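Colleague: how does the following fold in three dimensions:
(chains A and B)
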Amino acid sequence: MSHGRMHRKEDARFIRGRGNYTDDVHLPGMLYGAILRSPYAHARIVSVDASAAEAHPKVRAVITGQTLAGLGLAWMPTLSRDTQAVLATDKVRFQDQEVAFVVAEDAYSARDALELIDVEYEPLDTVIDARRALDQDAPVIRDNLEGRTDNHVFDWEAGDGERTDALFARAEVTVAQDMLYPRVHPAPLETCGAVADFDKVTGKLTVWCPTQAPHAHRTLYAMVAGLPEHKIRVISPDIGGGFGGKVGIYRGYVCAIVGSIVTGRPVKWMEDRSENLMSTSFARDFHMRGEIAATRDGRIQAIRVKVLADHGAFNGTAQPTKFPAGFFHVFSGSPRRSARARASTWTSSASAWPTAPSCGCTRRARRCCGSPARRRGRVTRPRSPRSSGRSWASPPTTWRWCTATPTRRRSASARTAPARPPSPARRR
Amino acid sequence: MIVARKVRERARIVAAAMLEASPDDLEWTGGTWSVVGDPATGKTMAEIALAAHSDLELPEGVEGHLDAVTVYNPPNLTYPFGAYICVVDVDPGTGQVKVRRFVAVDDCGVRINPTIVEGQIHGGLADGIGMALMQVMAFDEDGNHLGASFMDYLLPTAMECPSWELGETVTPSPTHPIGAKGVGESATVGSPAAVVNAVVDALAPYGVRHADMPLTPANVWRVINGDPFRTDLAIP
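Modeller: Residues are numbered from 1 along each chain as shown, chains lettered A, B, ... in the order given. Predicted structure coming up:
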């Protein structure tokens, strides 16, 4: 049963180029921001000299980590009870990490002025492989945290481990697979950005931002700007895709707000594609080991998974809101399954916001489920859920095809025509 | 939707005043509140809204507005599920993988707007092909980012996607007011696994039991030749 097919109301303006995105926001007196980013993945900051940039005739402000530290704003919370650097103070922890923010009359001058900022770095050893990040001699990324001597974030376990291990010990067939779920990126067509407008007269802050979580943003801005929430308005206009990547609060947003407070004018910051791919949240990056215990005729009795997750330089998983559902809980709801996750984080890569942690485990289960049947050389029918002893209170299922026209058989010539040349070999 | 029902109940009270009947004698038919058994007396929401804010005489103590607020705390999660099948062609000489067919059957409970549901699934399936065949954010030993532009980090386009074949089953969620479930992430969950499983199946004659994403032509070619890029995957 389904209801009516209706066209979306917003499509007409999107198709005709009349959408209202954050970059379409133009306010009187608006300034433009640009971010100076670190070329090193892990390096100590020896000095930052912004005097030449400040002297640029079109520059109105230059904000550095030291400026923010003086205001108590150099670090801000993430969604996962970690903190992240707004602008680097002691050292940089991933390539392209934000080091300084320039506010100028136009976007081009802001970019030009970046080259006038002189930063002296002292490169440090990097660690980019999550499996090496827990070695004794691995460089400690988050040594800014009190008492931190390693790169381990947390261990997490769900399900009945003992019962699962017992089932594995006496299973007729067990299969295991190590696999890698590579790091990927949401890469929405519209990059991230914000327009911040702090009105000195009313004491109100307005932020235009393509955010998937405007209320969470308002709460954090209230903490960061020291304003009560009712004095902050977050406007999320048309968004060109988010896919999880626009849930979090990026450093550029806070810099734009500070820029607006400091200059008394609206400040716009929009990132380019490289900044989006290098410094905004990524997804996945799991090293996984999945195991199945089954009977000889292919009935799965237990599943066990172990995951090592790289969370990047700062832990920003969207996990608190998804915690009951995500991170293997759905997968391991039955007592016969157990899942263990270890997050080794803080490798010298960009801050991690696994966009959908719940998805990773189910993918792994599907990959594992292929193995027992294949080992026997034929596909076995999976056990019906009704015979597993669970009661199914839901109404019966109806079934039909959605696609109006089935796939046309392609001609032989169409099948052999290449769509795109193969991509070059990728260095690992 | 829950709050819309509350608004409709407020409208019932106003309609009762308009029709000079008791609210219990009204029924909701054809988008109007009308006296039971007499649909010609029906008042539309537009008429009721106008009357509510005009000079209609309402009973003692009844406020003339159609506003309602509700706070919804879901009693449970919803559990969409499905089954995906992928058919691929692999060129053993170049390692290129092409997705010939993709059949996706999703159960997301009651579908409010099938157009949007199918759009979500299409997008997720394309995303899955991207993850399975093209995408990785890689770093070198010095931490240099190797996927910082669309030259290296590829996005799937219509050229890489087959004509999606979608089916549906509808198992209404017992814990949702109309039985709907989420569907936004379902397709990204199932599609990479289906694509990878299909490629591994295609490479079975070469003795391949497993291959890691992304299955770029270079990776597939190396897997075929028994020399995958990464062999040291075990978690310490």
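
Colleague: and A:A107, how far from chain B?
Modeller: 19 Å (Cβ to the nearest Cβ, to the nearest Å). (Each C-beta comes from the backbone N, C-alpha and C, glycine too.)

Colleague: could you say what helices and strands the helix or strand bottoming out on mean pLDDT in chain B packs with?
Modeller: Within chain B, judged by mean pLDDT, DSSP states H and E, the helix or strand with the poorest mean is strand B:38-44; its value is a mean of 89. In terms of contacts (3 or more Cβ pairs under 8 Å, 6 or more residues apart in numbering or on different chains; DSSP states H and E), strand B:38-44 is packed against helix B:2-19, strand B:32-35.

Colleague: quick one, which of these is packed in tightest?
Modeller: strand B:32-35 (a mean of 21; mean count of other Cβ atoms under 10 Å in any protein chain shown).

Colleague: by contact count, what packs against it?
Modeller: In terms of contacts (3+ Cβ pairs under 8 Å, 6+ apart), strand B:32-35 is packed against helix B:2-19, strand B:26-29, strand B:38-44.

Colleague: return the list of strands paired to that strand, each annotated with direction.
Modeller: strand B:26-29 (antiparallel), strand B:38-44 (antiparallel) (DSSP bridges).

Colleague: contact partners of the helix or strand following the last one?
Modeller: Moving toward the C-terminus from strand B:38-44, the next helix or strand (DSSP states H and E) is helix B:45-52. The set of residues external to helix B:45-52 that reach it, using Cβ atoms under 8 Å, 6 or more residues apart in numbering or on different chains, is B:8, B:11, B:14-15, B:17-18, B:31, B:33, B:43, B:64-66.

Colleague: list the buried ones in helix B:45-52?
Modeller: Going by neighbour count (16 or more other Cβ atoms under 10 Å in any protein chain shown), the buried part of helix B:45-52 is B:45, B:47-49, B:51-52.

Colleague: cool, stretch B:105-117 as well?
Modeller: B:105-111, B:114, B:116-117.

Colleague: does it come close to chain A?
Modeller: Yes: judged by Cβ under 8 Å from any Cβ of the partner chain, stretch B:105-117 comes into contact with chain A at B:105, B:107, B:110-117.

Colleague: who's in contact with B:R8?
Modeller: Going by Cβ under 8 Å, 6+ apart, B:R8 touches B:28, B:45.

Colleague: which residue ranges form the helices in the chain?
Modeller: This is for chain A. With DSSP state H as the criterion, chain A has helices at A:11-15, A:51-54, A:65-70, A:107-114, A:161-169, A:214-225, A:251-263, A:273-279, A:319-322, A:357-376, A:412-416.

Colleague: should've been chain B
Modeller: For chain B, the helices defined by DSSP H cover B:2-19, B:45-52, B:114-133, B:186-202, B:217-224.

Colleague: surely B:H210 touches A:L180?
Modeller: No: with contact defined as Cβ atoms under 8 Å, B:H210 does not reach A:L180; the gap is 10.4 Å.

Colleague: confidence score at A:F331?
Modeller: With respect to pLDDT, A:F331 scores 48.

Colleague: I meant to write A:P354 there.
Modeller: pLDDT, A:P354: 34.

Colleague: just A:P372 next, same as before
Modeller: 36.

Colleague: find the residue closest to B:P92 in space, skipping its chain neighbours.
Modeller: Nearest residue to B:P92, sequence neighbours excluded (Cβ to Cβ, 6 or more residues apart in numbering or on different chains): B:I224, at 5.7 Å.

Colleague: gap between the one you found and B:V99?
Modeller: 18 Å (Cβ to Cβ, to the nearest Å).

Colleague: quick one on the thing from earlier: now the two most distant members of the buried residues of stretch B:105-117.
Modeller: Maximum pairwise distance in those, criterion Cβ to Cβ, is 17.7 Å, between B:V105 and B:I116.

Colleague: how about TSV for the helices and strands packed on strand B:38-44, with mean pLDDT added?
Modeller: Shown next, in TSV, are these (pLDDT from 0 to 100):
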stretch	mean pLDDT
helix B:2-19	92
strand B:32-35	92
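
Colleague: got JSON lines for these, with distance to A:K231 too?
Modeller: Below are the helices and strands packed on strand B:38-44 laid out as JSON lines (distance: least, Cβ to Cβ, whole Å):
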{"stretch": "helix B:2-19", "distance to A:K231": "28"}
{"stretch": "strand B:32-35", "distance to A:K231": "43"}
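
Colleague: can you say which of those is nearest to B:L58?
Modeller: helix B:2-19 (5.1 Å).

Colleague: now that closest one - C-alpha only, CSV.
Modeller: Taking Å, rounded to 0.1, in the frame of the first residue of the first chain, the C-alpha atoms of helix B:2-19 are listed here in CSV:
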residue,chain,number,x,y,z
ILE,B,2,-0.2,13.4,14.3
VAL,B,3,-0.5,17.2,14.7
ALA,B,4,-2.6,17.4,11.6
ARG,B,5,-5.0,15.1,13.1
LYS,B,6,-5.2,17.3,16.2
VAL,B,7,-5.9,20.3,13.9
ARG,B,8,-8.6,18.3,12.2
GLU,B,9,-10.2,17.6,15.6
ARG,B,10,-10.1,21.3,16.4
ALA,B,11,-11.8,22.0,13.1
ARG,B,12,-14.5,19.5,14.1
ILE,B,13,-15.5,21.7,17.0
VAL,B,14,-15.6,24.8,14.8
ALA,B,15,-17.6,23.0,12.1
ALA,B,16,-20.0,21.8,14.7
ALA,B,17,-20.6,25.4,15.7
MET,B,18,-21.1,26.4,12.0
LEU,B,19,-23.6,23.5,11.4
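
Colleague: any idea which of the helices of chain A scores lowest on pLDDT?
Modeller: helix A:357-376 (a mean of 33).

Colleague: hang on, the earlier thing: so which of the strands paired with strand B:32-35 is nearest B:P214?
Modeller: Among those, the nearest to B:P214 by Cβ to Cβ is strand B:26-29 (53.9 Å).

Colleague: related to what we said a few turns ago, how many residues are close by the residue nearest to B:P92?
Modeller: When neighbours are counted by other Cβ atoms under 10 Å in any protein chain shown, B:I224 registers 20.

Colleague: same thing with B:S22?
Modeller: By other Cβ under 10 Å, the residues close to B:S22 number 9.

Colleague: so it makes contact with B:R12?
Modeller: No: under the criterion of Cβ under 8 Å, B:S22 is not in contact with B:R12, lying 10.3 Å apart.
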